[in-house]
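Undergrad: Please work out how this folds:
(3 chains)
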Amino acid sequence: MFERKQTIFDNEDVLHDDYRPDKIEERDEELEMYKSCLLPVINGNQPRNIFLYGKTGVGKTATTKYLLSHLEEDSKKYDDIDLNIIYMNCEDLTSSYRVAVNLVNELRSVENQVSETGYPLSAIYTMLWQEFDSLESQIIIVLDEIDYISGDDSILYQIPRARTNGNLEKSRVGIIGISNDFKFREMLDPRAEDTLCEREIHFPPYDANELQNILSRRSKLAFKPDVLASGVIGLCSAIAASDKGSARQALDLLLESGHIARRQNDELVTISHVEQAKLLLRKQQVEKSLRDLTVNDHLTLVSMVLAEIDENVPARRSVIFKKYLSLVGDIGNEALGERAFHNHLSELTMLGVLDRYERNEGRNGGIYYQYELGMPIESVFSALEDIHFSFDLDVENLRDRARYKGII
DNA sequence: TATCCACTGGAATATGTGGTCG
DNA sequence: CGACCACATATTCCAGTGGATA
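TA: Got it, this is the predicted structure:
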């Protein structure tokens, strides 16, 4: 039933997200600067706080992991240095409180974990200082995707100042903050900005050339010789460069192209496979963002689909809201108020699932928005099919109605 | 050029859930 | 148990917006 048939890939892991190259490419300047910021650690001084920013997939995390693993390795050569590195992704940690709780749990044993709510924030900080101090070492905390922390950012100045404030005696702590969003910096509490942004390193997007270099080197490891048609690497690089300049995106594109070629039993990865991969990845991305939404977000989306089928689009909020009310009535849910519904529409717009147009008809119309689906309706259907809802949704029926109306 | 429409989006407040602690 | 904590999500209220129109 299973048979090993490998005509395309040699080692596809090389293209995966978690692959750690033994060399960081096309980031020489950033690497140098980063290295000099970390140097004090090896001399036994307090780790500096570093703030890294740049779009997704431009090497922030990869460079960090690369340098820190070297730092860890090299620090072992010196007896007087004891280094602890804690890496933490803040994707699900939207407040200082949660970050602190997770740090404490990271340092504590399994049977001693702290719950995510219940304690006053100050109690959590006290636990954190105790845990830090009991390490009696230099500590570097990496907070990746730090921009997810919204509202209270006290942890970002509490940690760096812990020692000066007398909360820590035996340990020295430094923070490395990684952000996708430069605006995050402006939103910081001035105290946090002061301490966290001591050293700043900007990672610019890769251009098509740099991407091409990265891809060709990786593809030599990943693919069998001569399986990439000419132009494949160029196209992957060009697509990614014109989008966000993300190496992640370019690598995903290349990997997915290879998968598609393999599935289709082709011996050569061609430009057409890349085109297919591009569509597939886009679809997966949307599905992923849809999956994480709340029930009311889903209901809002379905209401928009109904409006798309039954009404003139783009449609304004009140029209979609009426659809929503009857939908909610049908499935017996409690309806939201219109203000909350408005927020869900905004949320979907933010994700790129909906498009929004501002209109202003002046004295007898005022300002309002019109919404429509931001992607082909069929993509929404197939995404909806793959999601488990807490209510009954007959996607096939919707699809039939759309077909009947000639929208598909 | 002042007005005014009908909406937008911020802010304060409320509700509900899941937790600690004495 | 009751007081208290953090947090997500809703509701309520309303000042602000900006271009067509008188």
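Undergrad: got the residues of the stretch 51-200 of chain A near DNA strand C?
TA: Proximity of the stretch 51-200 of chain A to DNA strand C, by Cβ under 7 Å from any atom of the strand, involves residues A:94-98, A:117-121, A:152. No exception for glycine: its C-beta is placed from N, CA and C like everyone else's.
Undergrad: State the distance from the residue in the stretch 101-250 of chain A that DNA strand C sits nearest to to residue A:349.
TA: Closest to DNA strand C within the stretch 101-250 of chain A is residue A:121: 3.5 Å, counting by Cβ to the nearest atom of the strand. Per Cβ to Cβ, to the nearest Å, residue A:121 is found 33 Å from residue A:349.
Undergrad: One more: residue A:205?
TA: 24 Å.
Undergrad: Of the two, which one has the most company?
TA: residue A:205 (18 against 15; other Cβ atoms under 10 Å).
Undergrad: Looks like residue A:132 contacts residue A:162 (just checking).
TA: Yes. Shown here, residue A:132 and residue A:162 form a contact pair, counting by Cβ atoms under 8 Å, at 7.1 Å.
Undergrad: Name the residues contacting each of these two.
TA: A:168, A:173 (Cβ atoms under 8 Å, 6 or more residues apart in numbering).
Undergrad: Looking at these two, which is more packed in?
TA: residue A:132 (27 against 20).
Undergrad: Report pLDDT for the closest residue to that one other than its chain neighbours.
TA: Spatially, and ignoring its direct neighbours in sequence, residue A:132 is nearest to residue A:171 (4.8 Å; Cβ to Cβ, 6 or more residues apart in numbering). Turning to residue A:171, the model gives it a pLDDT of 92.
Undergrad: quick one: residue A:171 from residue A:40, how far?
TA: From residue A:171 to residue A:40 the distance is 15 Å (Cβ to Cβ).
Undergrad: The residue of the stretch 101-250 of chain A closest to DNA strand C contacts residue A:100, correct?
TA: Yes. In this structure, residue A:121 is within contact of residue A:100 by Cβ under 8 Å, at 7.4 Å.
Undergrad: residues near the residue nearest to residue A:132, how many?
TA: 20.
Undergrad: That one: what's it in contact with?
TA: Taking Cβ under 8 Å, 6+ apart, one finds A:132-133, A:135-139, A:163 in contact with residue A:171.
Undergrad: Quick check: the gap between it and residue A:196.
TA: The value you get for residue A:171 to residue A:196, if Cβ to Cβ is used, is 18 Å.
Undergrad: can you tell me the average pLDDT over the biggest helix by length in chain A?
TA: As assigned by DSSP state H, the longest helix anywhere in chain A is helix A:271-291. Across helix A:271-291, pLDDT averages out at 90.
Undergrad: How about that helix, which residues are buried there?
TA: A:273-274, A:276-278, A:281, A:286-287, A:289-290 (16 or more other Cβ atoms under 10 Å).
Undergrad: With DNA strand C in mind, check whether that helix reaches it.
TA: No. Helix A:271-291 is not in contact with DNA strand C by Cβ under 7 Å from any atom of the strand; minimum separation 13.5 Å.
Undergrad: for that helix, packing partners?
TA: helix A:232-243, helix A:247-263, helix A:377-385 (3 or more Cβ pairs under 8 Å, 6 or more residues apart in numbering; DSSP states H and E).
Undergrad: The longest one vs helix A:271-291, what angle?
TA: Here the directions of helix A:247-263 and helix A:271-291 differ by 120 degrees (axes from the mean of the first three to the mean of the last three Cα atoms, to 10 degrees).
Undergrad: Which part of the stretch 201-350 of chain A gets nearest to DNA strand B, residue-wise?
TA: residue A:317 (4.7 Å).
Undergrad: Run a quick neighbour tally on that residue.
TA: 17.
Undergrad: How about the contacts made by residue A:188?
TA: A:153, A:156, A:196-197 are the contacts of residue A:188 under Cβ under 8 Å, 6+ apart.
Undergrad: at 10 Å instead, please
TA: Neighbour list for residue A:188: A:51, A:146-147, A:149, A:153, A:156-157, A:177, A:179, A:194-197 [criterion: Cβ atoms under 10 Å, 6 or more residues apart in numbering].
Undergrad: Derive a ChimeraX selection command for the buried subset of those.
TA: Those of those that count as buried under 16+ other Cβ under 10 Å are selected in ChimeraX with:
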select /A:51,146,147,149,153,156,157,177,179,195,196,197
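Undergrad: So which of the contacts of residue A:188 is the closest to residue A:72?
TA: residue A:177 (19.2 Å; Cβ to Cβ).
Undergrad: Next, give phi and psi for the closest one.
TA: phi -100, psi 130 (degrees, to the nearest 10).
Undergrad: my read: it touches residue A:51, true?
TA: Yes. Using Cβ atoms under 10 Å, residue A:177 makes contact with residue A:51 at a distance of 4.9 Å.
Undergrad: in the sheet, who's paired with residue A:269?
TA: Per DSSP bridges, the residues bridged to residue A:269 are residue A:228.
Undergrad: could you list every residue that touches it?
TA: A:8-9, A:219, A:223, A:227-229, A:232-233, A:236, A:254, A:257-262, A:277.
Undergrad: how near is residue A:33 to residue A:39?
TA: Residue A:33 is 11 Å from residue A:39, by Cβ to Cβ.
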